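> Would you be able to build a 3D model of this:
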Amino acid sequence: MAAKTPYDQKLVDLLVKNGIKPKIAKTLAYLHGKEEVKSIEIERDTGLRQPEVSIAIQFLRKKGWVKKRDIKKQGKGRPVHAYRLAHPLSKIVGEIESDRKKMINELEENLAKLKKYA
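From the prediction side, this is the model:
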């Protein structure tokens, strides 16, 4: 029996089919259903490297889909960051849907303009 992944691969696949880059989709799917996780947990459980997780988290934070909390370490060193979804997945999916519909409308408008030349 195959080991269960700590994220829903079907969710990842659907996010990718709807325009989300694979590493970002994997990070988002991993965060779904979790209270709060550290970046090292995301790396370990998804197989992504630290720079890949950082880039994915940066994108997700810029979209407003993920919140960051700093956890101070005792002694020296950088603080550890913990992440969680800022909104329910349904709201995030709604934003993705809205973006995709806007893109479809733009494509249809461009095709209509192109047909005028034919």
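> And the helices in the chain?
Taking DSSP state H as the test, the helices found in the chain are 9-17, 22-31, 39-46, 50-62, 89-115.
> list the buried ones in the second one?
When you say that, I think you mean helix 22-31. Under the neighbour-count criterion of 16 or more other Cβ atoms under 10 Å, helix 22-31 has 23-31 buried. Every residue, glycine included, has its C-beta placed from N, CA and C.
> got a list of contacts for stretch 14-28?
7, 11-13, 29, 42, 46, 48, 52-53, 55-57, 59-60, 65, 85, 92, 96-97, 99-100, 103 (Cβ atoms under 8 Å, 6 or more residues apart in numbering).
> could you flag which of those are buried?
7, 11-12, 29, 42, 46, 48, 52-53, 55-57, 59-60, 65, 85, 92, 96.
> What is the burial count for residue 58?
Neighbour count of residue 58, defined by other Cβ atoms under 10 Å: 13.
> cool, residue 34 as well?
Neighbour tally, residue 34, other Cβ under 10 Å: 15.
> how about it, phi and psi?
Note on residue 34: backbone dihedrals following degrees, to the nearest 10 are phi -110, psi 140.
> give me every residue that touches it.
Here residue 34 is in contact with residue 84 (Cβ under 8 Å, 6+ apart).
> Please apply the same query to the one 4 residues further on.
Shown in contact with residue 38 (Cβ under 8 Å, 6+ apart): 71, 80-83.
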